[in-house]
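Visitor: quick check, what structure comes out for this input:
(chains A and B)
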Amino acid sequence: MARERSRSKIDRRTFLTGVAVAGAAGTATTLMPPGAAASPTPAPIDPAPRPSALPPTAKMAAAEAGTPQEIKQEIKRDSGKPGSDFMVDVIKTLDIKYLPCNAASSFRALHESLIDYGGNKSPEFLTCMHEESAVGMAHGYFKIAGKPLLTLCHGTVGLQHAAMAVYNAWCDRVPVLVVGGNDLDAAHRPPGVPTFHSAQDINALVRDFTKWDDTPVSLQHFAQSFVRMYRIATTPPYGPVMMSLDAGLQQEPIREHGGKLYIPRFVPSSPPQGDSGAVKEAARLLANAERPVIVVDRAARTPNGIKLLVELAEALQAPVVDRGGRLNFPKTHYLNRPPSVIEQADVIIGMELSDFWGVVNSFIDNHTHGLGVNESKIKAGTKLISISSVELITKANYQDFQRFQVVDVSMPADAEATLPALIEAVKAAIPNDRKAAIAKRGEAIRKAYTNGRANVRRAAAIAWDASPISTARLVMETWAQIKDLDWSLVASEGNVSFWPSRLWPMEKHHHWLGRSGGYGVGYGAPASVGAALANRDLGRFSVSIQSDGDLMYAPGVLWTAAKHKIPLLAIMHNNRGYHQEVMHLQRLANFRDRVVNLGNDMGPIGTSIENPDIEYHKLAESMGWWAKGPIKDPALLGPAIKEAVAVVKSGQPALLNVWTQPR
Amino acid sequence: MRNSIMWSRISVALAGLVAGVVLANGGALAASAENGKVAYVKHGCWQCHGFVGQGSAITSGGTVIGPSRLSFEAFASFTRNTNRTMPPYREAILPDADLTDIYAYMQSIPKPPDPNSIPLLKP
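Guide: Predicted coordinates for the structure are as follows:
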């Protein structure tokens, strides 16, 4: 039939119709009895001029998208509302705003229902060029919006791409709804590519680092599981969840088995709170401590968490060490102190720490005995208190739970939810005769804070005029141009020596979103775009410090930002290397008394990103960004950032390629 | 093992002594800051300490080595023997001449400006 139409008149719709029919014809050969010779489908004679993008041959189309004859007959017999339309009805009840996604045939039915039946709203499809980018975007989006996004991926190869980003979300306690298309029915699914892209249990790939997964086998099962997965993902401790979604279930028409389909109502679960006895004991220890220290990592899940932590710290006049998994405590508060205060502590309370062992111990990678040295940072007898919801979802395989640390009071509970009770208990537990001493402690900390700020400014001045540009200058030239805006630093790894958190007056939850969680490199670019999307909807300005290696894992996310008009200022920290690895190789060579082999680069072979230098500004420009670079002269940086800020304020993304010092 | 540590300490002490003489004597044997700048990059000092010795809160614990507060002897001893975060640079990988030049380069780096002289760093 397709061949009877004039090729020159083929539009997208008729072309796809042709593919479906040709696919059916192509797969007909598979129905021949065993042993019969299959005659190859003759190539069609095409007298018309060839278009620049040729449609696939019937055989190729059948392999990728064809529907076997027996399924087509079934669809004809039972035509009605497709199952995937009902799935859209379910998804829409949860008010999921966006769907960052790389298209794939295993969820084509749901894709079609979302954009046509669902009107491409709630969720709106965002075209992504890599599944890792899609999940990374959802990761960044949640940290601003506080709401999860849905992503769809090919159940096998797409999920393999997505897996690192899912692991980051798991380690960073961020909910992402991942649905993988999978054609389970081996007797009916198309042979060839779709079968390569099917598996018995796609969820197994990410089961070790997702909170929950399921494979629904009916539409009612889908409705229950989708609402359930949303609830599990958004109950602290948050985390990604996975669903394997059968292609047949998506494509087949709705059949009501023994009752009308219904959509369960979503009711959010309350977060787990610390046991009242444990809270009381923690309060007693803190109230009577001489030098209590509060250490936080992901304690402030929401802006309210910051207020609660300030209240607790002020009640105790205790220094707060913010490990930076989120913005937990205002950088401008005098109780915000560096990690060195831990050494003098007699009571330490750790809240939502990803690594309590690492807080109270140090590991020195000095190759002693070929391993390294472990040293305690705290005094003997220091009491340790932990509030951590992560203990409730610890799994075995991946080692994100870090080394085991013995503590004196352990509360497997959500810190933010436990804080009101803890604050109340601490205030009640402070003896009257200790109040003057506690106030005096605060005065000493205030003095140390003031001195510390001066030291940071002195450190930032060093190498101020250097070329390549110092990371302190990079950060402060950026600050000068955004300080009067409602700004949000959407991503920046520790690779710029923590200058933003040391120099910028970060006070609000959206001023700093934390890092990737699992340290899977390639998080920064997509998470920035996702967070910038959420900030765009709030009228907020987004800026990222974008490192070179991170960007090159999946730079296609730049195109996604331009395509969907997501304004973001990306200031590149281009140190022209995988710098962590640069140092690792140097260390190992030194330990072994060998001169490290640099090849023709500055860093050891295999660690440099130079010769040729990547022209990131051109890369960004080619994908629809305003971009400039490479900037090597520090005097030119400020004016360039000013120009870029104006572009971002107009609604476009902008990138500056800046050559920087290594750290 | 103990012997090798002892010999290593003796050799470092001797190296320090020789370098000190070289630095003190000047003239034809004088250390070269220019050569030191090249050696500083070649031997990877820049990786943790930056190209002008500014260091980093992450990679050098905030230690600034441009210029260094250490005497040459202390610097040489530390560089050869460090057993903490910085890996040691023994003579097999960093010749004495390069070590001396590197120190000269570090000491040639101008002292950093007062942060109050930089508008962006004013409180």
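Visitor: what's the most centrally placed residue in chain A in contact with, if anything?
Guide: Per C-alpha atoms, centre = their mean, the C-alpha nearest to the average position across chain A is that of A:H139, at 3.1 Å. Residues near A:H139 by C-beta atoms under 8 Å, 6 or more residues apart in numbering or on different chains: A:165, A:168-169, A:172, A:174, A:176, A:516, A:523, A:526-527, A:530. For every residue, glycine as well, the C-beta is placed using N, CA and C.
Visitor: ok, and the closest non-adjacent residue to A:E352?
Guide: Leaving aside its sequence neighbours, A:E352 sits nearest to A:R298 (C-beta to C-beta, 6 or more residues apart in numbering or on different chains; 4.2 Å).
Visitor: ok, that neighbour touching A:G514?
Guide: Yes. A:R298 is in contact with A:G514 according to C-beta atoms under 8 Å; the separation is 7.0 Å.
Visitor: and chain B, which of its residues are near chain A?
Guide: When proximity is defined by C-beta under 8 Å from any C-beta of the partner chain, chain B lies next to chain A at B:41-42, B:44, B:46-48, B:50-52, B:54-59, B:62, B:64, B:66, B:83-85, B:87-90, B:92-93, B:112-115, B:118, B:120-121, B:123.
Visitor: check the residue nearest to A:E352 and give its pLDDT.
Guide: A:R298 carries a pLDDT value of 98.
Visitor: what sits against it?
Guide: Each residue near A:R298 by C-beta under 8 Å, 6+ apart is listed here: A:172-173, A:325-326, A:328, A:352, A:354, A:415, A:514.
Visitor: doesn't it belong to a helix?
Guide: No. Counting by DSSP: H, G, I helix; E, B strand; the rest coil, A:R298 is not found in a helix; it is coil.
Visitor: contacts only, for A:Q200.
Guide: By C-beta under 8 Å, 6+ apart, the contact list for A:Q200 reads A:L184.
Visitor: repeat that with 10 Å
Guide: Residues in contact with A:Q200 (C-beta atoms under 10 Å, 6 or more residues apart in numbering or on different chains) are A:182, A:184, A:186, A:215, A:244.
Visitor: okay, the last one: pLDDT?
Guide: The reference is to A:S244. Listed pLDDT for A:S244 reads 98.
Visitor: again with the first one
Guide: Confidence at A:N182, expressed as pLDDT, is 97.
Visitor: with secondary structure as extra columns, can I get the contacts of A:Q200 in a markdown table?
Guide: Formatted as a markdown table, the contacts of A:Q200 follow (three-state DSSP):
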| residue | secondary structure |
| --- | --- |
| A:N182 | strand |
| A:L184 | coil |
| A:A186 | coil |
| A:T215 | coil |
| A:S244 | strand |
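Visitor: A:A480: which element?
Guide: In this assignment (DSSP states H and E), A:A480 forms part of helix A:471-482.
Visitor: could you point out which element follows that helix?
Guide: Using DSSP H and E, the next helix or strand after helix A:471-482 towards the C-terminus is strand A:487-491.
Visitor: is any residue of that following strand near chain B?
Guide: No. Strand A:487-491 does not reach chain B (C-beta under 10 Å from any C-beta of the partner chain); its nearest approach is 15.9 Å.
Visitor: what is the helix or strand that comes right after that strand packed up against?
Guide: Note on strand A:487-491: by DSSP H and E, the next helix or strand toward the C-terminus is helix A:499-503. Judged by 3 or more C-beta pairs under 10 Å, 6 or more residues apart in numbering or on different chains; DSSP states H and E, helix A:499-503 is in contact with helix A:435-461, helix A:471-482, strand A:541-547.
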